[in-house]
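Colleague: Whatever this is, show me its structure:
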Amino acid sequence: MKHLSAHCSSLIAATVLFASFALVPMLATALTPDAARDPASVARANASVQASIAVTRRASAPGTAAPNDVFANPNRAYPASCLSDGLPFGFFRQSPNDPAPLQKQMILPGDPATCGGSNPECTHTEAVTVSIWRVPCSVDSGGHPRSAVLFEIDRQCDPNCQQTQPGLYPTFPLVSATQGNNTLVPRMATDQNTWYSVTYVNSPVVESNIWVFENYLGVVPQFDYNQAFSLNIDNHTIDFSVPAYNPVQYAANSFTLPISGYMTSNWFDPSHGGEGILTQVFDNNDGATRTFTAAWYTFDKLGLPFWLYAQGSIDIGDRTTGNVDTFYASNGGFAGNFGAGATFTKWGTINFSFTNCDHMTFVYNGNADAVNGPTGNGTRTWLRIANVNSLGCD
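Modeller: Next up is the predicted model:
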């Protein structure tokens, strides 16, 4: 899923959206001469990971959540909705307008677990490109800009590594992060918004891949990856100094969220109880598009309930629905007591966008005078009522 070919359709849309972002400057390229890893350091790092996972399992909302219950990690390093479409592999290469990320060439060793025989993987070393960059997220409901930090390893032989170097691969390096007075082995996840997804030192990197910096649930210290931090890789001195997130560089101050399942919810105007909109977002299983639906339960000119229904297709990564055709139904009956189907008449259009997880803005224009229904145009911003379980948008 993280390989470049699996992300082509979403990356094409993402390229247009992120083309003007100013990424942090490129570091001087340096090829690390020594790929050896101290076994004791590796053991300590992996022990730290195991201990953090154990704490995470114990910290899973004791007394409030059944073992099979799903809830959001309150210590997540970025808004869950920021990376809802999968990690954007190779994103920084998709547009010539994108400045380079933090980037270096390094030599990574092969898999020590294969030693003890004549397996050439034991003594294998390989030059790879390590890249670090940010994906800007929208401003949260408190007005704080957020971002996610991504870590990518590119094998130079991709996409045909297994043909040119069959059975040979580098392994994941020993990574430690320092912020202020705290140093830790960060949780490097290949799947976003998870609790337990983690990568151990010396794990095989069979193909180019990407990881996101996450926080463990219930483990201290927690890092704020929006602030500056440094990375030490394979016991070297500081390999990367990651500056604090500056949304101005990314033209991110006016962002709206990509529309995904995280936008599924009920929305309302707190000053007008009794009216609301239910939104749902569905994947179309083509890897490129989604279906957006909205049901606006409102009132006609007599003050009686009147429903409007909108449905349209959007590309993955879209931050607005565009003008979605909206309809109302007539000639129906209660509890199915009518013919084969009600009659749907086009009312007009509605355009939806989400400035953050708690606010939905919609622009409407429609006419139902023929049935004494609601008619008019305008713009409204409504609030989310609640999150859907396991889709905790923030």
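Colleague: Can you give me the neighbour number for the closest residue to residue 229 other than its chain neighbours?
Modeller: Ranked by C-beta to C-beta, 6 or more residues apart in numbering and with sequence neighbours excluded, the top spatial neighbour of residue 229 is residue 179, at 4.1 Å. (Glycine included, C-beta is placed from N, CA and C.) Applying other C-beta atoms under 10 Å, we find 18 residues neighbouring residue 179.
Colleague: just residue 262 next, same as before
Modeller: Residue 262, neighbours per other C-beta under 10 Å, totals 23.
Colleague: And what about it, helix, strand or coil?
Modeller: helix (DSSP: H, G, I helix; E, B strand; the rest coil).
Colleague: where's it relative to residue 180, distance?
Modeller: Using C-beta to C-beta, to the nearest Å, residue 262 is found at 31 Å from residue 180.
Colleague: Mind pulling up the pLDDT for the nearest residue to residue 388 once chain neighbours are set aside?
Modeller: In this structure, residue 388 finds its nearest non-sequential neighbour in residue 264, 5.3 Å apart by C-beta to C-beta, 6+ apart. pLDDT, residue 264: 92.
Colleague: Quick check, the residue nearest to residue 229 in contact with residue 215.
Modeller: No - between residue 179 and residue 215 there is no contact under C-beta atoms under 8 Å: 11.6 Å.
Colleague: Can you work out which residues contact both of the two?
Modeller: Here residue 179 and residue 215 have residue 223 as joint contacts, going by C-beta atoms under 8 Å, 6 or more residues apart in numbering.
Colleague: Show me the helices in the chain, by range?
Modeller: Secondary structure of the chain (DSSP state H): helices at 8-18, 39-58, 161-164.
Colleague: Count the residues that sit near residue 111.
Modeller: For residue 111, using other C-beta under 10 Å, the count is 18.
Colleague: any idea of the pLDDT on it?
Modeller: Residue 111 is assigned 92 on the pLDDT scale.
Colleague: How about residue 157?
Modeller: If you check residue 157, the pLDDT there is 90.
Colleague: Then residue 73?
Modeller: Note on residue 73: pLDDT of 73.
Colleague: Now it: closest residue in space that isn't a chain neighbour?
Modeller: Nearest residue to residue 73 in three dimensions, chain neighbours excluded: residue 217, at 4.8 Å (C-beta to C-beta, 6+ apart).
Colleague: Okay, that neighbour and residue 185: tell me how far apart.
Modeller: Counting by C-beta to C-beta, the gap from residue 217 to residue 185 is 16 Å.
Colleague: hang on, the earlier thing: quick one: residues contacting the residue nearest to residue 229.
Modeller: Residue 179 neighbours (C-beta under 8 Å, 6+ apart): 223, 224, 227, 228, 229, 230.
Colleague: hmm, try it at 7 Å
Modeller: Applying C-beta atoms under 7 Å, 6 or more residues apart in numbering, we find residue 179 in contact with 223, 227, 229.
Colleague: if I look at the closest residue to residue 46 other than its chain neighbours, how far off is residue 75?
Modeller: Distance criterion C-beta to C-beta, 6+ apart; nearest residue to residue 46, sequence neighbours excluded, is residue 200 at 5.2 Å. The gap separating residue 200 from residue 75 is 20 Å, by C-beta to C-beta.
Colleague: Give the buried residues for stretch 45-53.
Modeller: Residues of stretch 45-53 classed as buried by neighbour count (16 or more other C-beta atoms under 10 Å): 45, 46, 49, 52, 53.
Colleague: now swap in stretch 158-171 and tell me
Modeller: Neighbour-count burial for stretch 158-171 flags 158, 161, 165, 168, 169, 170, 171 (criterion: 16+ other C-beta under 10 Å).
Colleague: ok, of these, which one's closest to residue 345?
Modeller: The closest of those to residue 345 turns out to be residue 158 (C-beta to C-beta; 53.4 Å).
Colleague: In this protein, where's the longest strand?
Modeller: Secondary structure of the chain read by DSSP state E shows that its longest strand is strand 343-356.
Colleague: Each with direction, which strands does that strand pair with?
Modeller: Strand 343-356 sits in its sheet next to strand 320-330 (antiparallel), strand 359-366 (antiparallel), going by DSSP bridges.
Colleague: Now tabulate those strands in CSV and tack on mean neighbour count, mean pLDDT and distance to residue 353.
Modeller: Listed next are the strands paired with strand 343-356 as CSV, based on neighbours: other C-beta atoms under 10 Å; pLDDT from 0 to 100; distance: least, C-beta to C-beta, whole Å:
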stretch, mean neighbour count, mean pLDDT, distance to residue 353
strand 320-330, 18, 96, 4
strand 359-366, 19, 96, 5
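Colleague: Just tell me which of those ends up closest to residue 81.
Modeller: Among the strands paired with strand 343-356, strand 359-366 comes nearest to residue 81, with 12.7 Å by C-beta to C-beta.
Colleague: what are the bridge partners for residue 210, then?
Modeller: Here residue 210, judged by DSSP bridges, has bridge partners residue 152.
Colleague: Distance of it relative to residue 305?
Modeller: 48 Å.
Colleague: Between those two, which is the more surrounded one?
Modeller: residue 210 (22 against 10).
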